[in-house]
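> below is the sequence, then the predicted model.
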Amino acid sequence: VKNGVAGTAKLVDRASWALVQDLKQRGMLDDTLVIWGGEFGRTPMSQGGGNNPGRDHHIKGFSLWMAGGGIKGGVTHGATDDFGYNAVEDVVTVHDLHATMLHQLGIDHQKFSYKFQGLDMRLTGVEPGVKVIKNIVS
């Protein structure tokens, strides 16, 4: 796993850096929100063995990064437990992430809806407590 991640990270780091630098040099970074992440993380422990070890899908702790579009640089938000298994500090839901993205686009997530099978739906759902992640926005 370690060798695979290191090789992939080297390729992704270079391309991600180039994208952000290009947007910055062209004066477009302030108006462009770059989000790098996935829909799930990976378990902190290795699974399998032999020549093909790996890690399983994990929804309780994952990382992503954002740049531009009014996001503060150099900010870390949230933390997991000592094992990296559960989010325990400043937990963010996918609805919170969507609310923050919409906020950065100037859209009130509580008023933004779309029709789906005859119902008004919201990207951020209808559950109470969805919030914009204020400490990462400038």
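Here it is on my side, so go on. Numbers count the residues shown, from 1 in each chain.
> would you mind giving the domain segments of this protein?
Domain assignment for the chain by automatic domain parsing gives 1-73, 92-138.
> quick one: the first one to chain centroid distance?
Right, the one you point to is domain 1-73. 9 Å (Cα atoms, centre = their mean, to the nearest Å).
> stretch 89-107 now?
How far stretch 89-107 lies from its chain's middle: 9 Å, per Cα atoms, centre = their mean.
> worst average pLDDT in the domains of the chain?
Ranked by mean pLDDT, the domains of the chain bottom out at domain 1-73, which scores a mean of 85.
> check E89 and give its pLDDT.
At E89, pLDDT is 92.
> how many residues are close by it?
E89: 9 surrounding residues under other Cβ atoms under 10 Å. All C-beta atoms are positioned from the backbone trio N, CA, C, and that covers glycine.
> partners of E89 in the sheet?
Beta bridges link E89 to A79 when assigned by DSSP bridges.
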